[in-house]
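Participant: here is a sequence together with a model predicted from it:
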Amino acid sequence: MFKGRYNHAVDGKGRTSLPAKFRENVAAEGNDRVVLTFALDSDYPHLDVYPFVRWSEFEQKLAEKPTFDENVILLKRFYVANAVECPVDSHGRILIPPTHRDYGGISSDATWVGMNRIIELWKPESWDAAQAEALANLSQIRKGLSAFDL
């Protein structure tokens, strides 16, 4: 499981370090690569990052959905079509492709966020804005927690 938030630099080639805690979890599952794709769930563009094994599980579940369902087609066109495998190099870095950096607005810095089973990769200013919005809606978040009996 992934948790926590980490800020890392992005070098001129578009490489950034996968945080050590996340790297340990990825490696523990036998992964030497991650899958990056465009996130669907926010008004703030960012990237979803899956350990390769988790992405494979997602693809398997998606393959079981009706092929001609319009929502399945749209999900594949956006989420799957924009997915790229990124190896983790010997220094614990990944190369974020230019299209993905552009989508997330990521340039010289990135914020890694643990989201339980996956990781999110953000432009720091966008993450700060999303956090401010969450803070402004804290009472709604508390109500949501009660629905999960947490």
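Facilitator: In hand now; what should we look at?

Participant: CA atoms for contacts and neighbours, from now on please.
Facilitator: OK.

Participant: who are the neighbours in contact with residue 113?
Facilitator: Neighbouring residues of residue 113 by CA atoms under 8 Å, 6 or more residues apart in numbering: 3, 4, 5, 6, 119, 120, 121, 122.

Participant: of those, which belong to strands?
Facilitator: 5, 6, 119, 120, 121, 122 (DSSP state E).

Participant: now do the strands in this protein.
Facilitator: Going by DSSP E, the chain shows strands at 5-9, 15-17, 33-38, 47-51, 84-87, 93-95, 109-115, 118-122.

Participant: report the mean confidence score over the fourth one.
Facilitator: Spelled out, that is strand 47-51. Averaged over strand 47-51, pLDDT sits at 97.

Participant: can you list the weak-confidence ranges in this protein?
Facilitator: The chain contains residues with pLDDT under 70 at 147-150.

Participant: could you show me where the helices are in this protein, in order?
Facilitator: 20-28, 52-63, 70-75, 98-104, 124-136, 138-147 (DSSP state H).

Participant: the fourth one packs against which elements?
Facilitator: Using 3 or more CA pairs under 8 Å, 6 or more residues apart in numbering; DSSP states H and E as the contact criterion, the secondary-structure elements in contact with helix 98-104 are strand 33-38, strand 47-51.

Participant: mind listing what's buried along that helix?
Facilitator: Neighbour-count burial for helix 98-104 flags 100, 101, 104 (criterion: 16 or more other CA atoms under 10 Å).

Participant: reformat those residues as CSV; add distance to residue 59.
Facilitator: Output for the buried residues of helix 98-104, formatted as CSV (distance: CA to CA, whole Å):
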residue, distance to residue 59
100, 20
101, 23
104, 23
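
Participant: looking at the residues you listed, which is nearest residue 47?
Facilitator: residue 104 (6.2 Å; CA to CA).

Participant: now do the contacts for the closest one.
Facilitator: By CA under 8 Å, 6+ apart, the neighbours of residue 104 are 38, 45, 46, 47, 121, 122, 123.

Participant: just those now: which is nearest residue 72?
Facilitator: Closest approach between the contacts of residue 104 and residue 72, by CA to CA: residue 38, at 15.9 Å.

Participant: noted, bye for now.
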